[in-house]
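Enquirer: Give me a 3D structure for the following:
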Amino acid sequence: MIVRVFEDKRSLSTAAADQAANAIRRAILDRGRARIVVATGTSQLDFLDALAAAEKLDWQRVELFHLDEYVGLPITHPASFRKYLLDRLIHKTGIQHYHLLDAETAPHEAALRVGQLLTSAPIDIVFAGIGENAHLAFNDPPADFQTEVPYLIVNLDEACRRQQVGEAWFSNISEVPRQAISMSIRQILKAKEIIAVVPDARKALAVKLCLEGEISPLAPASILCTHPATTLYLDKQSASLLSPSTLAALAAA
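Expert: Numbers count the residues shown, from 1 in each chain. Predicted coordinates for the structure are as follows:
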């Protein structure tokens, strides 16, 4: 894993978007199309804004999937990840080939249908975040590191649900769905490249667990350390709890 630390969220997001755009262009040049998986949430907003504004990127040759979606939430809800992607990337860029997880009424069928499409060809790049409880997608601890199912129905733990309230997607925890469709850990790791965008002080403990602790289902995003083409983008706030020795090693890399 490559770890890059930036002064602030804005510079982090710009650098991550540059790498993401280049990866998409490279896939299109090599194979005529790029297949991407896109994360959502507050931490991804600046990154996706920068990516949507990238120049000379043929979005008509991009096929998009997303990491996760709440079970039972209508697309009209402000927290809907389908709505998020439509508003912040798909409509901005004109992407025509996208597969959204409609978990409102038949989540198991949606997971199976989109999962079959997802696994029909290799994924070029996954854009990911890390949750405050170190979740990866909606794989809360202890995460399933073994299942080969591309998408699964997961139960959201209290820390994850409180994060959604803290980010103002819901007014109180009783409104946050208790289940979601999530891309599995093993499926995420099958991507050729992973870019993880992780700004803000509230992610600092999770970052520390993932970089300085053991690779463990109790810190699901720690598994990213095993992927040979992952770049983790941090700002000074999200890197603030890393030890001096870790920061020195990152600076020397």
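
Enquirer: Helices of this protein, start to end?
Expert: Assigned by DSSP state H, the chain shows helices spanning 9-31, 45-52, 81-85, 91-93, 107-118, 158-166, 185-189, 204-212, 244-252.

Enquirer: contacting residues around the closest residue to Gln164 other than its chain neighbours?
Expert: Leaving aside its sequence neighbours, Gln164 sits nearest to Val176 (Cβ to Cβ, 6 or more residues apart in numbering; 5.0 Å). All C-beta atoms are positioned from the backbone trio N, CA, C, and that covers glycine. Val176 makes contact with Leu156, Arg161, Gln164, Val165, Trp169, Phe170, according to Cβ atoms under 8 Å, 6 or more residues apart in numbering.

Enquirer: Out of those, which end up buried?
Expert: Those of the contacts of Val176 that meet the buried threshold are Leu156, Arg161, Gln164, Trp169, Phe170, by 16 or more other Cβ atoms under 10 Å.

Enquirer: where are the low-confidence patches of this structure?
Expert: Applying pLDDT under 70 to the chain picks out residues 252-253.

Enquirer: Give me the number of neighbouring residues for the closest residue to Gln96 other than its chain neighbours.
Expert: Counting by Cβ to Cβ, 6+ apart, Gln60 is the residue found nearest to Gln96 once chain neighbours are left out, at 6.1 Å. Neighbour count of Gln60, defined by other Cβ atoms under 10 Å: 12.

Enquirer: Tell me how many other residues crowd Phe127.
Expert: 26.

Enquirer: Tell me how far it lies from Thr42.
Expert: Going from Phe127 to Thr42 by Cβ to Cβ, to the nearest Å gives 14 Å.

Enquirer: can you check Val3 too?
Expert: Val3 sits 21 Å away from Thr42, going by Cβ to Cβ.

Enquirer: Repeat that for Ser11.
Expert: 18 Å.

Enquirer: Leu85 too?
Expert: For Leu85, the distance to Thr42 - Cβ to Cβ - is 14 Å.

Enquirer: If you count surrounding residues, which of those two has more?
Expert: Leu85 (23 against 16).

Enquirer: Apart from its neighbours in sequence, what residue is nearest that one?
Expert: Using Cβ to Cβ, 6+ apart, the closest residue to Leu85 is His66 (5.7 Å).

Enquirer: And for Leu209?
Expert: Nearest residue to Leu209, sequence neighbours excluded (Cβ to Cβ, 6+ apart): Ala219, at 4.3 Å.

Enquirer: what's across from that neighbour in the sheet?
Expert: Per DSSP bridges, the residues bridged to Ala219 are Ser216.

Enquirer: thinking it is in contact with Pro141, fair?
Expert: Yes. Assessed by Cβ atoms under 8 Å, Ala219 is found in contact with Pro141 at 6.6 Å.

Enquirer: intersection of neighbour lists for those two?
Expert: Joint contacts of Ala219 and Pro141 (Cβ under 8 Å, 6+ apart) are Ala134.

Enquirer: who has more neighbours, those two?
Expert: Using other Cβ under 10 Å as the criterion, Ala219 and Pro141 rank with Ala219 on top: 25 against 20.

Enquirer: Report the contact partners of the more buried one.
Expert: Ala134, Pro141, Ala206, Leu209, Cys210, Gly213.

Enquirer: who wins for most neighbours among those?
Expert: Cys210 (27 neighbours).

Enquirer: if I pick that residue, what's in contact with it?
Expert: Cys210 makes contacts with Ile130, Ala134, Ala219, Ala221, Ser222, Leu224, Cys225, as judged by Cβ under 8 Å, 6+ apart.
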